[in-house]
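Colleague: Structural data only, the sequence is not supplied:
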Ligand code: BES
Ligand code: MN
Ligand code: ZN
C-alpha cells in the first residue's frame, strides 16, 4: 500500500472512497466550512439529515458510510467520528482513520482519499495528524494473510488531500515517519501471528540477520555453546526441555557515532510456552505462541530506528527458546546458576520468562549498556490487574520511567506504572538458593518484576509487562484481531526522545 499527500479538493479526488471527520459537538453543518460540509452539500444534505435524525453522532470510532450515487467521483463516503472537539487527540485521529479505512475496504474500495483529519476546526498540528493518519491506515488495514488469502481486495493507495500545495512537502515527511513506525509494528505482528512450528528461535535469529543485511544494523547470534561459555544457566535451564535449539539474538545500531551510552531493548522470546513440567492447562494454550511478542517488538523497533536514521545508539537483545516438558526438561525444585552468579530455585517451570530475562540483563550490564528496557509477556497476573488495554510498567529509575511513559502517551499504546514494592521482595526469598522464581498467590506481576530487578541492580532499568496487551480478540481502531505489535511505537519514541 502507498500513502501520499497531494494538494487538491477532497470532493473532486478520483478515488473509490473518501473519509471526512465529524465531532460530537461540531457546529451545525452549513455554518463551518469544513470538508464534511462541502461533501454534505454535494450529497444534497444527506449527512445533515442523518445528524438531525441522530443516526450520526460523531462519536469516537463511529463510521457512517454513504453512497455518493454519482454526485462525487468517489463511490463511497465514510464519515468518521472524532468525539468531542476539545477531547480529540492524535490517538483518536489514528483510530478514526483505521476504522474508516477498514469500513471502506469492506465495501471493496482499493483507493481512499482523506482530509487531514483532526487538523481543521479541531486544530491539532497538521504534521502530527498526517503521521497519525499514515499510522492509522497502515495499522488498521493490517491482515495476516500468509496461510489464507484475504476475502476482498487490498487497499492499494491512501491519498491525504490538503488544500495548500505548500503543505505537501512537510506533511509528506510526517507521513513517511508514520509509515515506518506502523510497518515496523506490522512486522512484529507478522512474527507473533506466525505459529510456533514456523517461528522458532532459529527463525527469529534468521529474521534479525535478514534485517541486518538490508539495514544499518549488525546481527550477532549466540548458539547454545556460546551460552554455555557465558554461563547463561537460567536461559539454558529453560531451553533444555526442547529439541529446538535456543538462540541469543543481538542487533546493534550505531546511531550518529557520538555514543555517550547505549540503550538496551531486551525482549522475552519464548516461541512456545507450554509451561514445561509445570504444564499449563490446554485451554488457551494455542495463544502461548505469542510468548515471543517482547522479542518481536524489540527486533521490529530496531528496524524502524535504523530506517529513521535515529541518532542514539541502541542494541536489541533477545533470549529465544521454547519452554517444553521434554525428557531433559528442568524440574520444579531444580537450582539454576544464572550468568550473574546468583542461584535460582525453580518453584515453577512456567515462570520461565523472568529466567531468560535475568541472563539477558546480566549480559547487557556486562556490556555496559544503559538504560535497560525489557518487554515481556510475563504474567497472567498483569492481565488480571490491568486488563487487555494497559501494559504494566515497572522501573527503578524515575527519569527513565517518566520518559518512557511520555513516549507512550503520544502513541496511544496504553501504559500504567506499577509499584516495585520493596515489602514484597521477601516473597522471592528461597531457603536454599539466592532467590526463587515465584512469589505467592498475590501481586504476581509485581513479584515477577522484583525478581528481574534483582538482576538489574542499580543500572537504570524499566520493565513492560505486555501479557495483557500483546494479543487482541477484536478489531478496534488501530488494534486488529491477533497480535497487536505493542509496544513497538513506544520503544521507538523512547529511543528517539533521547
Ligand atoms: N507466558 C506466561 C504469561 C502469560 C499468561 C502471557 C497469559 C500471556 C497470557 C508466563 O510465562 C507464565 O506462565 N507466567 C506464570 C507465572 C506463574 C507461574 C508465577 C503465570 O502468569 O501464571
Ligand atoms: Mn510460562
Ligand atoms: Zn511465558
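Modeller: On my side now, so go ahead. All values derive from a computational prediction rather than experimental measurement. Ligands and ions are numbered 1, 2, ... in the order given.
Colleague: What separation is there between the closest residue to residue 255 other than its chain neighbours and residue 259?
Modeller: Closest residue in space to residue 255, ignoring its immediate chain neighbours: residue 313 at 4.1 Å, by CB to CB, 6 or more residues apart in numbering. Every C-beta, even on glycine, is put in place using the N, C-alpha and C of the backbone. Distance from residue 313 to residue 259, counting by CB to CB, to the nearest Å: 4 Å.
Colleague: Those two: which is more packed in?
Modeller: The residue with more neighbours, out of residue 313 and residue 259, is residue 313; 20 against 12, by other CB atoms under 10 Å.
Colleague: ok, the more buried one - contacts?
Modeller: 253, 254, 255, 259, 261, 262, 263 (CB atoms under 8 Å, 6 or more residues apart in numbering).
Colleague: Just give the number of residues close to the residue nearest to the fifth one when sequence neighbours are not counted.
Modeller: What sits nearest to residue 261 in space, not counting adjacent residues and going by CB to CB, 6+ apart, is residue 370, at 5.4 Å. Number of residues near residue 370 (other CB under 10 Å) recorded here: 17.
Colleague: Does residue 254 touch residue 216 like I think?
Modeller: Yes: under the criterion of CB atoms under 8 Å, residue 254 makes contact with residue 216 at 7.1 Å.
Colleague: What helices and strands are in contact with the longest helix anywhere in the chain?
Modeller: In the chain, with assignment by DSSP state H, the single longest helix is helix 168-193. Helices and strands touching helix 168-193, by 3 or more CB pairs under 8 Å, 6 or more residues apart in numbering; DSSP states H and E, are strand 2-7, helix 126-140, strand 157-162, helix 293-307, strand 482-483, helix 488-496.
Colleague: most neighbours per residue, which of those?
Modeller: Neighbour counts (mean count of other CB atoms under 10 Å) averaged over each of these peak at helix 293-307, with a mean of 30.
Colleague: so does it get close to ligand 2?
Modeller: No: contact between helix 293-307 and ligand 2 is absent, the nearest approach being 12.8 Å (criterion: CB under 5 Å from the ion).
Colleague: which helices and strands does that helix pack with?
Modeller: helix 168-193, helix 201-214, strand 247-253, strand 262-267, strand 269-273, strand 313-323, strand 372-376, helix 488-496.
Colleague: Ok, which of those comes nearest ligand 2?
Modeller: Minimum separation from ligand 2 across the helices and strands packed on helix 293-307 (CB to the ion) falls at strand 269-273, 4.4 Å.
Colleague: average pLDDT for the longest helix of the chain?
Modeller: Mean pLDDT, helix 168-193: 98.
Colleague: Would you tell me whether it gets close to ligand 1?
Modeller: No: counting by CB under 6 Å from any ligand atom, ligand 1 has no neighbours in helix 168-193; the shortest distance is 11.4 Å.
Colleague: so where does the residue nearest to residue 261 fall, helix or strand?
Modeller: Counting by DSSP states H and E, residue 370 is held by no secondary-structure element, helix or strand.
Colleague: quick one on the thing from earlier: reformat the contacts of residue 313 as CSV; add distance to ligand 3 and pLDDT.
Modeller: CSV is the format used below for the contacts of residue 313 (distance: CB to the ion, whole Å; pLDDT from 0 to 100):
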residue, distance to ligand 3, pLDDT
253, 27, 98
254, 32, 97
255, 32, 96
259, 33, 90
261, 30, 98
262, 27, 98
263, 24, 98
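Colleague: Buried ones among those residues?
Modeller: Buried subset of the contacts of residue 313 (neighbour count, 16 or more other CB atoms under 10 Å): 253, 255, 262, 263.
Colleague: which one is the closest residue to ligand 2 within the chain nearest to, not counting chain neighbours?
Modeller: For the chain, the residue closest to ligand 2 is residue 350, as judged by CB to the ion, at 3.8 Å. Nearest non-adjacent residue to residue 350, counting by CB to CB, 6+ apart: residue 275, 3.9 Å away.
Colleague: Report the contact partners of that neighbour.
Modeller: Remark: with contacts taken as CB under 8 Å, 6+ apart, residue 275 is in contact with 323, 325, 348, 349, 350.
Colleague: hang on, the earlier thing: report the angle between the longest helix of the chain and helix 126-140.
Modeller: 30 degrees (axes from the mean of the first three to the mean of the last three CA atoms, to 10 degrees).
Colleague: Helix 168-193 relative to strand 2-7, how many degrees between them?
Modeller: With the same axes, to 10 degrees defining the directions, helix 168-193 sits at 160 degrees from strand 2-7.
Colleague: May I see the buried residues of helix 168-193?
Modeller: So helix 168-193, judged by 16+ other CB under 10 Å, has buried residues 171-172, 174-193.
Colleague: count of residues packed around whatever residue of the chain ends up closest to ligand 3?
Modeller: Nearest residue of the chain to ligand 3 (CB to the ion) works out as residue 273 at 3.7 Å. Neighbourhood size, residue 273 [other CB under 10 Å]: 26.
Colleague: Tell me what it is bridged to.
Modeller: Beta-bridge partners of residue 273, counted by DSSP bridges, are residue 323.
Colleague: surely it meets residue 286?
Modeller: No: contact criterion CB under 8 Å: residue 273 and residue 286 do not qualify, at 11.2 Å.
Colleague: Now do the shared contacts for the two.
Modeller: Contacts common to residue 273 and residue 286, judged by CB under 8 Å, 6+ apart, are absent.
Colleague: So, low pLDDT: which residues of the stretch 301-450 of the chain?
Modeller: The model of the stretch 301-450 of the chain has no residue with pLDDT under 70.
Colleague: Around ligand 2, pick out the residues from it.
Modeller: So the stretch 301-450 of the chain meets ligand 2 at 350, 352 (CB under 5 Å from the ion).
Colleague: go with 8 Å
Modeller: 323, 348, 349, 350, 351, 352, 353 (CB under 8 Å from the ion).
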